[in-house]
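S.K.: attaching a predicted model along with its sequence, questions to come.
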Amino acid sequence: MRLHCFIQSSQSSHSGLPLQVLGAPKIGKPCRLQRSWGHLQVLSCATAARELQCRVVRRRSDVSKVSKAKARNYRRQNDVVDSIDYKSNKISVHAVGKKGLGVIATSSIKCGDLLLEEAPLLIFQKQSFDVLFGDLQDVLVDDTSFDHWEESLTETLQSKCDEEVRAQFWDLADTCCAKDKTALGIARTNAIGLSDESAGLFLLLSRFNHSCKPNVHNSWQEDRGVQVLKATRDISEGEELCISYLSFLNLCAPTRERLGELSDRFGFDCLCEACSRVQSESDWRRERLSQLCEAFSRDEARNHATATNDSEDGVILLRLKKRMPLFFEVKEEEMSRISAEASQMRGPNEAKRDGLEDFVESMNMRDGLRETTDLIEQEFAGNPAALSLIFFGAFRRAAGVGRKSAAKSLAKAAWKATVASEGSSWRAELLKTLASDGKP
Ligand SMILES: C[S@@+](CC[C@H](N)C(=O)[O-])C[C@H]1O[C@@H](n2cnc3c(N)ncnc32)[C@H](O)[C@@H]1O
């Protein structure tokens, strides 16, 4: 059953979801998002899609006058492309063949260049996760729930967003619907996990397609309320800019598994270069990388793989984790604990015996790191976000067994890689401190 059919057949009425309006976070000024969310937050829409070095350029002067209905059909009537063109001297939205629209480099870009900082248009709270990330069939089973969400979202957009932002929202891709777009279909296609507790929808970030060999890294910086996008390698003018919809550990799965995951969770057959080329060598390298990753960041790998139980909540959480494009999945509180532990590093004899001996036995850290960084170079063009994950895992291991000077060097390497992939985030700041004196 298609989503649009379902809407037409539904008779239920809107019972109203709690909504909150927030002022838009100011880029550059720290702002902590409110915790007392309703199901859905709407940030001030006039300024919701703030970008750095990137302004919205309207190629068609009549787009802001496009009604919702027209906006829904806009892409069909106009054969895709160019309804709205977000342009800066570095990035621009264009048609990229079968993938629909995508983001293209309009000039050459250096590794570590900041491409975009964007605040979310919508923030969804945990209660929305099943409708956003659950199986489409399950969402369609309960028509009351579907209508409830559809009407709530539509009304929110209508009442809280100006016409221009509404047109941009309705212009986003909706891969759930065969015919007319729905607000929920757009949200399901474009919403992105921010944490275990929230997801967001971004107007420009939504135009970035996925690649299993991404050249852009996006990180959610909660203290500033923005997604920060940075180039993970040098990029030539005209190249498509792609993020990863999968976490790093999932990117290390063999091609067939990745294709299955992307098809199951996102409903598309991946056309990226990594999935299109001859796969055997790449699959071998990724398999080896995932073994090494697991050794370096054993805890995160375990959480990532098993952060579920048989409950529905557990399954949704696991799906969310798998689609969070975070390479560096460590919470702020956990980082504080780690840094506190690191500041009191104990000698090897006092080190905990919970598997660390196995680790030291089975792996020569230096050789392991060299092999890992070589593989990341070959498979992911030296992606600094992947490197930061590895160096941070190695730092934790070294700190855990009391190898203080190795731990400091690894914290320094993790700090540099984090700055390259995220900028001066709180994680980078903490790593910098750990690299200098081991204390937060
Ligand atoms: C968040 S949107 C990305 C922007 C979208 N292409 C557009 O036209 O607005 C996600 C959708 O883009 C398409 N897409 C993204 N990455 C892709 C890839 N690697 N291969 C094929 N399709 C892709 C899929 O249809 C997917 O559901």
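M.R.: Yes, it's here.
S.K.: make it CA atoms for all contacts and neighbour counts henceforth
M.R.: Noted.
S.K.: let me see the contact set for the nearest residue to K90 once chain neighbours are set aside.
M.R.: Spatial nearest neighbour of K90, chain neighbours left out: T106 (4.9 Å); criterion: Cα to Cα, 6 or more residues apart in numbering. The contact partners of T106, taken as Cα atoms under 8 Å, 6 or more residues apart in numbering, are S88, N89, K90, I91, S92, E237, G238.
S.K.: ok, now how distant is G200 from the ligand?
M.R.: From G200 across to the ligand, the span is 12 Å (Cα to the nearest ligand atom, to the nearest Å).
S.K.: then S159?
M.R.: Look at S159 and the ligand: by Cα to the nearest ligand atom, they are 24 Å apart.
S.K.: what's the helix or strand for that residue?
M.R.: Assigned by DSSP states H and E, S159 belongs to helix 143-160.
S.K.: next helix or strand past that helix?
M.R.: Assigned by DSSP H and E, the successor of helix 143-160 is helix 163-171.
S.K.: which neighbouring elements make contact with that following helix?
M.R.: helix 68-77, helix 183-190 (3 or more Cα pairs under 8 Å, 6 or more residues apart in numbering; DSSP states H and E).
S.K.: packing partners of the last one?
M.R.: The reference is to helix 183-190. With contacts taken as 3+ Cα pairs under 8 Å, 6+ apart, helix 183-190 sits against helix 129-133, helix 143-160, helix 163-171.
S.K.: ok, is that helix in contact with the ligand or not?
M.R.: Yes - judged by Cα under 6 Å from any ligand atom, helix 183-190 and the ligand are in contact via T189, N190.
S.K.: just to revisit the earlier point, which one of the helices and strands packed on helix 163-171 has the lowest average pLDDT?
M.R.: Lowest mean pLDDT within the helices and strands packed on helix 163-171: helix 68-77, at a mean of 32.
S.K.: for M365, which non-adjacent residue is spatially closest?
M.R.: Per Cα to Cα, 6+ apart, closest to M365 is A394, 7.8 Å.
S.K.: tell me the contacts of the one you found?
M.R.: F296, S297, M365, A407, L410.
S.K.: kindly report the same for K110.
M.R.: Per Cα under 8 Å, 6+ apart, neighbours of K110: A231, R233, D234, I235.
S.K.: how near is it to the ligand?
M.R.: 22 Å.
S.K.: and for L184?
M.R.: 13 Å.
S.K.: report how many residues lie close to that residue.
M.R.: When neighbours are defined as other Cα atoms under 10 Å, L184 has 24 of them.
S.K.: doesn't L153 make contact with it?
M.R.: Yes - here L184 reaches L153: they are 7.3 Å apart, a contact under Cα atoms under 8 Å.
S.K.: flag every residue of the protein that's near the ligand.
M.R.: Checking the chain against the ligand by Cα under 6 Å from any ligand atom, the hits are 99-102, 172-173, 175, 189-190, 206-211, 266, 268-272.
S.K.: which residues of the stretch 201-350 of the chain fall in strands?
M.R.: 209-210, 216-221, 226-231, 240-243 (DSSP state E, counting those that start in this stretch).
S.K.: redo those as JSON lines? Include mean neighbour count and mean pLDDT.
M.R.: Listed next are those as JSON lines, based on neighbours: other Cα atoms under 10 Å; pLDDT from 0 to 100:
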{"stretch": "strand 209-210", "mean neighbour count": "22", "mean pLDDT": "98"}
{"stretch": "strand 216-221", "mean neighbour count": "25", "mean pLDDT": "94"}
{"stretch": "strand 226-231", "mean neighbour count": "25", "mean pLDDT": "94"}
{"stretch": "strand 240-243", "mean neighbour count": "23", "mean pLDDT": "98"}
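S.K.: save those as CSV, and put in distance to Q158 too.
M.R.: Output for the strands of the stretch 201-350 of the chain, formatted as CSV (distance: least, Cα to Cα, whole Å):
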stretch, distance to Q158
strand 209-210, 27
strand 216-221, 27
strand 226-231, 24
strand 240-243, 30
